[in-house]
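Structure for this input, please:
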Amino acid sequence: MIEVSALEVRIGATVAVASVEARFDAGRLYGVVGPNGSGKTTLIRALTGLLTPEAGEVRVEGHDVASLSLAQRAARIGYLPQERTIAWDLSVAEIVRLGTKDGNEAVVGEVLTQVGLETLANRGVFSLSGGQRARALLGRLLATRCPVLLLDEPLMALDPAWQRQVLLILKDMAARGHTVIASLHDLGLAAQFCDAVCVMRDGRVAAFGAPEQAFTPEVLAEVFGLSGELRTEAEGLALHLAARPL
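Have a look, this model is predicted:
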């Protein structure tokens with residue numbers, strides 16, 4: 001579980017996150033959404049402890065993140081940053097193995113299958129496509145088996161089928177008891193797959209709750225400049241948006 005209390009984070013002189021109050025429970029997949037510059041990445045980084053709050057605190061499993069050592073954080077929190085930089089041409093299996101605590105080959109094999117790269121295990125990552133490389137880095141995160149998984153735009157560079165597959169993987173991790181929080185740009189996918197959604201606007205939480213509560217016509221209009229509504233259909237929730245922004 002993660003509890004956020006009166007969180008304020010500054011980037012230079014700019015207040016990037018202000019007065020955020022939120023609780024993220026284990027066993028659920030949370031989407032963090034919002035326009036560009038709304039504070040999604042800053043919030044995710046603050047949850048990891050990589051950014052020091054100006055005020056307030058983030059507590060993971062009852063512990064203030066700021067008070068934890070790097071080793072204690074690494075044992076509790078797995079993080080996939082937005083940047084997909086890899087410095088060395090390691091094999092896919094080696095990248096995934098870096099996420100394990102003891103080089104557990106059973107975990108490496110399971111994760112490679114999860115992310116669909118088992119046949120490319122011995123390929124160097126420099127020879128992969130952007131989407132394959134993104135899946136290799138996701139595999140490294142999954143291999144940590146951390147109770148909390150934080151992902152900043154995990155669907156970036158993925159094709160539509162793998163975007164959905166990754167969200168199914170994250171839902172499965174949540175079902176296993178992990179707390180999974182991912183920043184997303186696709187509102188339709190967030191509505192379809194996430195158990196709850198945190199809508200950010202100008203560094204503040206504009207809405208937080210189940211997709212039906214977060215994606216009201218008013219929120220869609222005021223936060224995103226979109227006209228639309230969330231509907232319940234045979235296959236689940238579907239977000240219908242007008243072709244043109246307001």
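
thought residue 221 was touching residue 242?
No: using C-beta atoms under 8 Å, residue 221 is not in contact with residue 242, being 10.3 Å away. All C-beta atoms are positioned from the backbone trio N, CA, C, and that covers glycine.

between those two, which one's more packed in?
More neighbours surround residue 221 than the other of residue 221 and residue 242, with 14 against 11 (other C-beta atoms under 10 Å).

Secondary structure class of the more buried one, three-state.
Applying DSSP: H, G, I helix; E, B strand; the rest coil to residue 221 yields a three-state assignment of helix.

Who is the spatially most central residue of the chain paired with across the strands?
Note on the chain: the residue nearest the mean C-alpha position is residue 182, at 1.7 Å, using C-alpha atoms, centre = their mean. Following DSSP bridges, residue 182 is listed with bridge partners residue 31, residue 151.

tell me the contacts of it?
Residue 182 makes contact with 29-32, 150-154, 170, according to C-beta atoms under 8 Å, 6 or more residues apart in numbering.

quick one on the thing from earlier: what residues are shared contacts of residue 221 and residue 242?
The contact sets of residue 221 and residue 242 overlap at residue 227 (C-beta under 8 Å, 6+ apart).

In contact with residue 104, which residues?
Residue 104 neighbours (C-beta under 8 Å, 6+ apart): none.

Same question for residue 41.
Applying C-beta under 8 Å, 6+ apart, we find residue 41 in contact with 82, 152, 183.

that's a helix at it, yeah?
Yes: the assignment for residue 41 by three-state DSSP puts it in a helix.

Please report how far the closest residue in space to residue 196 that isn't next to it in sequence lies from residue 199.
Leaving aside its sequence neighbours, residue 196 sits nearest to residue 30 (C-beta to C-beta, 6 or more residues apart in numbering; 5.2 Å). Distance of residue 30 to residue 199, computed by C-beta to C-beta, to the nearest Å: 11 Å.

Repeat that for residue 84.
Taking C-beta to C-beta, one finds residue 84 at 25 Å from residue 199.

Looking at these two, which is more packed in?
In terms of neighbours (other C-beta under 10 Å), residue 199 is the more surrounded of residue 84 and residue 199; the figures are 28 against 16.

How is that one assigned, secondary-structure-wise?
Residue 199 - assigned by three-state DSSP - is strand.

With residue 7 instead?
Applying three-state DSSP: residue 7 is strand.
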